[in-house]
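> whatever this is, show me its structure:
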Amino acid sequence: MPGYGDSPPAEMVATAQGRVAFLDHVLQELGMRRPVLISPSMSGRFSLPFLLEQGDRLAGFVPIAPVGTKDYTAEQYRRVQTPTLILYGDRDTSLGTQALQNLQHLPGHHVAVVPNAGHACYLDKPEDFHRALLGFLRQLE
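Residues are numbered from 1 along each chain as shown. Got it, this is the predicted structure:
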């Protein structure tokens, strides 16, 4: 993502609107219509504003202890109709539980907690992570 990790900073993504526009552009360039957006950690800065503004374009949303969940209100989350799987490792006692506390206001969400896994639960316990993810994806079909 621009401005994160070793990527150079990009003025376009300095605001939530810019991050929505960036993600919209990526999805359009890839020709994706109604994708499932999987959003671990720092990508929450991109995915959450996109979900709140254009969630109807998504077939599903899978936040994995994303940052930025406290930047939005319960009422904003309640307006989202996108099927959501809130996913985190049980050893992620900071971002995982904070994300759950905020994202639990999404209507019709499901929660999957990966046992014995930390913040990067998809790396710590990939089989358990993929089992939860695939179960959610099958429900969307």
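
> where do the helices sit along the protein?
16-29, 44-54, 74-78, 95-103, 121-124, 126-140 (DSSP state H).

> mean neighbour count, those helices: which tops it?
Ranked by mean neighbour count under mean count of other Cβ atoms under 10 Å, the helices of the chain are led by helix 44-54, which reaches a mean of 21. (C-beta placed from N, C-alpha, C; glycine too.)

> quick check: mean pLDDT across it?
Helix 44-54 shows a mean pLDDT of 96 in the predicted model.

> equivalent analysis for stretch 64-76, please.
Rounded mean pLDDT across stretch 64-76 is 96.

> straight-line length of that stretch, end to end?
19 Å (Cα to Cα, to the nearest Å).

> in that stretch, what counts as buried?
For stretch 64-76, a neighbour-count test (16 or more other Cβ atoms under 10 Å) marks 64-69, 72, 76 as buried.

> and these, which of them are in strands?
residue 64 (DSSP state E).

> ok, of the buried residues of stretch 64-76, which one's closest to residue 6?
residue 67 (18.2 Å; Cβ to Cβ).

> got a list of what that closest one touches?
By Cβ atoms under 8 Å, 6 or more residues apart in numbering, residue 67 lies in contact with 41-42, 44-45, 95.

> how about 10 Å then?
39-45, 48, 95, 98-99 (Cβ atoms under 10 Å, 6 or more residues apart in numbering).

> hmm, residue 78 is touching residue 105, no?
Yes - counting by Cβ atoms under 10 Å, residue 105 is a contact partner of residue 78 at 5.4 Å.

> low-confidence ranges, the chain, go.
Scanning the chain for pLDDT under 70 picks out nothing.
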